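>>> fold the stuff below for me.
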Amino acid sequence: MKKAALRKLYKQRRNELTTIEKQSFDLLLLQQLKSFPLPFFKQLLSYYPIEKHNEPNTLLFNNYLRTELPGLKICKPRINDQGGMDAILVDERTQYQHNELDIPEPIEDKIVSPSAIEAVFVPLLAYDRKGYRVGYGKGFYDKYLSLCAPTIIKIGFSYFEPEDIIEDRNDYDLPLTLCFTPFEVYEF
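Down below sits the predicted model:
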């Protein structure tokens, strides 16, 4: 399938999940994360889950990693004036405001260099067996990841299994390193 068709299909599939199913899947994703031997990292770019998109609850995963990786610094994305994205260092006191896309962004200005980020939770709607993903189509993460070190760990979370192939991948698309589902962990 092509990206546009996959976006439509997986938005619909996520929206059809009941609250109980979503909560159950989030707990199963957390269990997968807990059982997987992640490499040690000190800087994580995560994202704030958007409720209206029924995104996996990355807040659960962040809290777990904070306890497991002492000294872990977590950043959240913020769209910048150049049409790109910055990683902003956050903590429990960080305040957020919604941008024009209705995405919660940190207000603080503690920008962390892309070269300092060691792992990224990459939002996705769908992905394929080679680790290529379909996001929301704005390209923010593709641009940002191209600025990061080649060794960066790119982690996706999905309630669903992979597609065989995304037919219209681009040259600049970067595959995930890992994708967690409620019942499987995929390594690419």
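
>>> report the central residue of this protein.
By CA atoms, centre = their mean, the chain has its centre lying nearest to Val122, at 2.5 Å.

>>> can you give me the strands for the protein?
For the chain, the strands identified by DSSP state E occupy 43-45, 73-79, 85-90, 96-98, 104-106, 111-112, 119-121, 126-127, 133-134, 153-157, 178-180, 185-187, in order along the chain.

>>> which strands and helices sit next to the fifth one?
If you count contacts as 3 or more CB pairs under 8 Å, 6 or more residues apart in numbering; DSSP states H and E, strand 104-106 packs onto strand 73-79, strand 85-90, strand 96-98. The way it works is simple: take the backbone N, C-alpha and C, and place the C-beta from them, glycine included.

>>> can you list the residues that contact that strand?
48, 50, 76-79, 88, 90, 94-99 (CB atoms under 8 Å, 6 or more residues apart in numbering).

>>> just the second one next, same as before
Residues from elsewhere that reach strand 73-79 (CB under 8 Å, 6+ apart): 42-48, 62, 65-66, 85-91, 94, 96, 99, 101, 103-106, 112, 117, 140, 144.

>>> that older thread, could I get the contacts of strand 104-106 as a markdown table with distance to Thr58?
Below are the contacts of strand 104-106 laid out as a markdown table (distance: CB to CB, whole Å):
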| residue | distance to Thr58 |
| --- | --- |
| Tyr48 | 7 |
| Ile50 | 10 |
| Lys76 | 10 |
| Pro77 | 11 |
| Arg78 | 16 |
| Ile79 | 18 |
| Ile88 | 15 |
| Val90 | 12 |
| Thr94 | 14 |
| Gln95 | 18 |
| Tyr96 | 14 |
| Gln97 | 18 |
| His98 | 17 |
| Asn99 | 17 |
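
>>> in the lengthiest helix in the chain, which residues are buried?
In the chain, assigned by DSSP state H, the helix with the most residues is helix 19-35. Of the residues in helix 19-35, those buried by neighbour count under the rule 16 or more other CB atoms under 10 Å are 22, 25-26, 29-30, 32-33.

>>> now stretch 149-164
152-160, 162-163.

>>> kindly export that stretch (C-alpha atoms) in PDB.
Taking C-alpha atoms only, stretch 149-164 is exported to PDB below (Å, rounded to 0.1, in the frame of the first residue of the first chain):
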ATOM      1  CA  ALA A 149      24.200  10.700  14.700                       C
ATOM      2  CA  PRO A 150      23.900   7.600  12.500                       C
ATOM      3  CA  THR A 151      24.000   5.500  15.600                       C
ATOM      4  CA  ILE A 152      20.700   7.000  17.000                       C
ATOM      5  CA  ILE A 153      18.200   4.400  18.200                       C
ATOM      6  CA  LYS A 154      14.800   5.000  16.500                       C
ATOM      7  CA  ILE A 155      12.000   3.400  18.500                       C
ATOM      8  CA  GLY A 156       8.400   3.200  17.300                       C
ATOM      9  CA  PHE A 157       5.300   2.000  19.200                       C
ATOM     10  CA  SER A 158       2.300   0.500  17.300                       C
ATOM     11  CA  TYR A 159      -0.900  -1.300  18.400                       C
ATOM     12  CA  PHE A 160      -0.700  -3.200  15.100                       C
ATOM     13  CA  GLU A 161       1.600  -5.500  13.200                       C
ATOM     14  CA  PRO A 162       3.700  -4.300  10.200                       C
ATOM     15  CA  GLU A 163       2.600  -4.100   6.600                       C
ATOM     16  CA  ASP A 164       4.700  -6.100   4.200                       C
END
